[in-house]
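Peer 1: one predicted model, sequence on top.
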Amino acid sequence: MYSIENGMAHAQSITMASTTSTEQSGLFGHLLPEFKKASGLDVKVVALGTGQALDMARRGDADVLFVHDQPAEEKFVADGWGVKRFAVMYNDFILIGPRNDPAGTKGKDIVQALQKLAAGNGNFVSRGDKSGTHAAELRYWKLANADTAKGSGYKECGCGMGPALNIAASSGAYVLADRATWLNFKNRADMAILVEGDTRLFNQYGVMAVNPAKHPHVKAQDAQKFVDWVVSPAGQQTIAGYKIGGEQLFFPNAAP
């Protein structure tokens, strides 16, 4: 597991392209030390939106992917870039907004909430970064028949989940977020969860090794070690054990 260079032992490492939500929720600070204990491998995380993470892997600049846009992940594997996609865990998306909810969005229906925001030109911060959260948000606007008419309050930040939450908190805007990043977010101002519990807000994460047939230089064996570990009982228990204030952030659901 170690290479000797100039008489010194170096832990081998792999590069993982992942999402801002897994990084900013604090999950990797909890998960990766456990993987290193089990494998001796270091993992260098590059946190991007899922779309950018997939592009990075297509260029051969990552060994493994840990992302959350299932249709895009399945296409990535079908096109030969990934070896095989495995379900790892899930949580959910939530609509965050000012506690006094000027647009009247509160409830369980994300589609109805977006229709109200569009009709009332409510302030809404979109990630606008081709992330898994952004892809989900665009699906919800489409379901609301508002994909071409989101209202004059709609703004794209082209940024990660944490910065989008900061912008929303400082400007009294609405924002679609993943629950894990929200639970780890400290600068809440007068923001609150307004829409949750809609089955359409389910947020699945997948993991896959980059295909060495496309990029022979990738560390395919070590990448597969991470994939195998994170879907194993040990990896799944580690994910379940990550909590903030007693609240579990991610729910393991790898196939047994």
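Peer 2: Looks like it came in fine.

Peer 1: use CA for all of it now, contacts and neighbours both
Peer 2: Noted.

Peer 1: on contacts alone, who are the packing partners of the longest strand seen in the chain?
Peer 2: For the chain, the longest strand by residue count, based on DSSP state E, is strand 86-98. Applying 3 or more CA pairs under 8 Å, 6 or more residues apart in numbering; DSSP states H and E, one finds that strand 86-98 contacts helix 161-171, strand 174-178, helix 179-183, strand 191-195, strand 202-209, strand 251-252.

Peer 1: of those, flag the one that's most buried.
Peer 2: Ranked by mean neighbour count, the helices and strands packed on strand 86-98 are led by strand 174-178 with a mean of 26 (mean count of other CA atoms under 10 Å).

Peer 1: ok, residues contacting that one?
Peer 2: Strand 174-178 is contacted by residues 21, 91-98, 122-126, 133, 137, 161, 164-165, 168, 203 when judged by CA atoms under 8 Å, 6 or more residues apart in numbering.

Peer 1: the same query, at a cut-off of 7 Å, please.
Peer 2: 92-98, 123-126, 137, 161, 165, 168 (CA atoms under 7 Å, 6 or more residues apart in numbering).

Peer 1: so what does the helix or strand immediately after the longest strand of the chain in the chain touch, helix or strand wise?
Peer 2: Using DSSP states H and E, the next helix or strand after strand 86-98 towards the C-terminus is helix 110-119. Secondary-structure packing of helix 110-119 (3 or more CA pairs under 7 Å, 6 or more residues apart in numbering; DSSP states H and E): helix 132-143.

Peer 1: which SSE is immediately downstream of the helix it packs on?
Peer 2: Following helix 132-143 toward the C-terminus (DSSP H and E): strand 154-156.

Peer 1: now for that next one, which elements pack on it?
Peer 2: Packed next to strand 154-156, using 3+ CA pairs under 7 Å, 6+ apart, are strand 124-126.

Peer 1: for the strand it packs on, which strands pair with it and how are they oriented?
Peer 2: When sheet partners are counted by DSSP bridges, strand 124-126 sits next to strand 154-156 (parallel), strand 174-178 (parallel).

Peer 1: how far away from the center of its chain is the first one?
Peer 2: Strand 154-156 has its average C-alpha position 20 Å from the chain's average C-alpha position, going by CA atoms, centre = their mean, to the nearest Å.

Peer 1: average pLDDT for that strand?
Peer 2: Across strand 154-156, pLDDT averages out at 98.

Peer 1: flag every buried residue along that strand.
Peer 2: Along strand 154-156, these residues count as buried under the neighbour rule (16 or more other CA atoms under 10 Å): Tyr154.

Peer 1: please apply the same query to stretch 221-229.
Peer 2: 222-224, 226-229.

Peer 1: list the contacts of the residue nearest to Asp101 when sequence neighbours are not counted.
Peer 2: Once flanking residues are discounted, Asp101 sits nearest to Leu194: 7.6 Å by CA to CA, 6 or more residues apart in numbering. Listed by CA under 7 Å, 6+ apart, the contact partners of Leu194 are 95-97, 105-107.

Peer 1: take those and lay them out in TSV including neighbour count, pLDDT and distance to Trp141.
Peer 2: Output for the contacts of Leu194, formatted as TSV (neighbours: other CA atoms under 10 Å; pLDDT from 0 to 100; distance: CA to CA, whole Å):
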residue	neighbour count	pLDDT	distance to Trp141
Leu95	25	98	13
Ile96	28	98	16
Gly97	28	98	17
Thr105	22	98	14
Lys106	20	98	17
Gly107	15	98	17
